[in-house]
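Student: next come a sequence and a model predicted from it.
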Amino acid sequence: MEKSVLLGVMVQNHHMIQPITIERWKQAQEAERKLHKLTLEEGIEHYRISYGHNFRYLGIDPEKVQWGILEIGAADFPALRYVKADRCIIIEPMPSQLLKDFCIEKNILLLNTPFDKTNINENGGIELFEVWMFNVLQHVQDPESFISNAKLCRCVRYFEPIDTGITDYHPHSFTKDDFDRWFPGVNKFYNETTNQNFHDGPCCYGVWENKEV
């Protein structure tokens, strides 16, 4: 298998994605955190538009989402802010005070452990129906474990950038083939540039359902 190394990360051209070290993951988390500079008011309005696109592509009606959502990697402004769901969980390894305050206000369970290292069954007694993954996978330590864990739930809704290249804050870069392998039969390709406050490069998205749950 042909391999290359950039910024201390092994990138494989096909097959399984290799995990990064915990040190590299922490470096990426700290670099990513420095990019989040929106105030509460700015962020609420920005992500109202951004998540609106996610909801439209993934068939989410904010008025009908009720409970049992696990949102991963929400940073400061989670998608759950814009729905009426109850009994939900947010996983964010580096939660800001903005996110902590929101979770307290909305009675959302906040876990600050990496999802790829989390037991999905240890969820504070909350029954989970869906996992939401929006622009998070390139930030994790072990993408393969992350996806396997997500697919233990009944449904996975995802919208993730691909072909981003490796940076200090993006320790992984994925291809459409990766998402075709993880979510066969449901993976879709996005490459629009006109949606306000949204991705301007290629992405993969889809809704995967666990037929065994």
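Tutor: Arrived safely.
Student: list the contacts of N187.
Tutor: Shown here is N187, whose contacts under the criterion Cβ atoms under 8 Å, 6 or more residues apart in numbering are 176, 179-180, 204-206. C-beta: built from backbone N, CA, C; applies to glycine.
Student: skipping its backbone neighbours, what lies nearest H172 in space?
Tutor: Counting by Cβ to Cβ, 6 or more residues apart in numbering, H172 lies nearest to Q138, which is 4.7 Å off, once chain neighbours are set aside.
Student: that neighbour reaches T175, doesn't it?
Tutor: No - using Cβ atoms under 8 Å as the test, Q138 is too far from T175 to be in contact (11.9 Å).
Student: quick one: which of these two has more around it?
Tutor: Regarding Q138 and T175, a neighbour count based on other Cβ atoms under 10 Å identifies Q138 as having more, with 22 against 15.
Student: do a quick rundown of the helices in this structure.
Tutor: Residue ranges of the helices in the chain, as given by DSSP state H, are 22-33, 40-58, 97-106, 143-150, 176-182.
Student: quick one, which of those helices is nearest to I120?
Tutor: Taking Cβ to Cβ as the measure, those were each checked against I120, and helix 143-150 came out nearest at 5.7 Å.
Student: would you turn the helices of the chain into TSV with mean pLDDT, distance to K211 and mean neighbour count?
Tutor: Written out in TSV, the entries for these read as follows (pLDDT from 0 to 100; distance: least, Cβ to Cβ, whole Å; neighbours: other Cβ atoms under 10 Å):
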stretch	mean pLDDT	distance to K211	mean neighbour count
helix 22-33	92	32	16
helix 40-58	96	19	16
helix 97-106	95	32	15
helix 143-150	94	15	20
helix 176-182	97	15	19
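Student: of all these, which one is nearest W67?
Tutor: W67 sits nearest to helix 97-106 of all the helices of the chain, at 11.9 Å, using Cβ to Cβ.
Student: only alpha carbons, please: show stretch 33-46 as CSV.
Tutor: What follows is the C-alpha trace of stretch 33-46 in CSV, where atoms were taken according to Å, rounded to 0.1, in the frame of the first residue of the first chain:
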residue,chain,number,x,y,z
ARG,A,33,-10.2,25.7,19.2
LYS,A,34,-8.3,28.9,18.2
LEU,A,35,-10.4,29.2,15.1
HIS,A,36,-13.7,29.5,17.0
LYS,A,37,-14.0,33.2,17.7
LEU,A,38,-17.7,34.1,17.2
THR,A,39,-19.6,35.8,19.9
LEU,A,40,-22.8,34.2,21.2
GLU,A,41,-25.0,36.5,19.1
GLU,A,42,-22.8,36.1,15.9
GLY,A,43,-22.7,32.3,16.4
ILE,A,44,-26.4,31.8,16.9
GLU,A,45,-27.2,33.6,13.7
HIS,A,46,-24.4,32.1,11.6
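Student: how far is that stretch from where the chain is centred?
Tutor: For stretch 33-46, the distance between its averaged C-alpha position and the chain's averaged C-alpha position is 17 Å (Cα atoms, centre = their mean, to the nearest Å).
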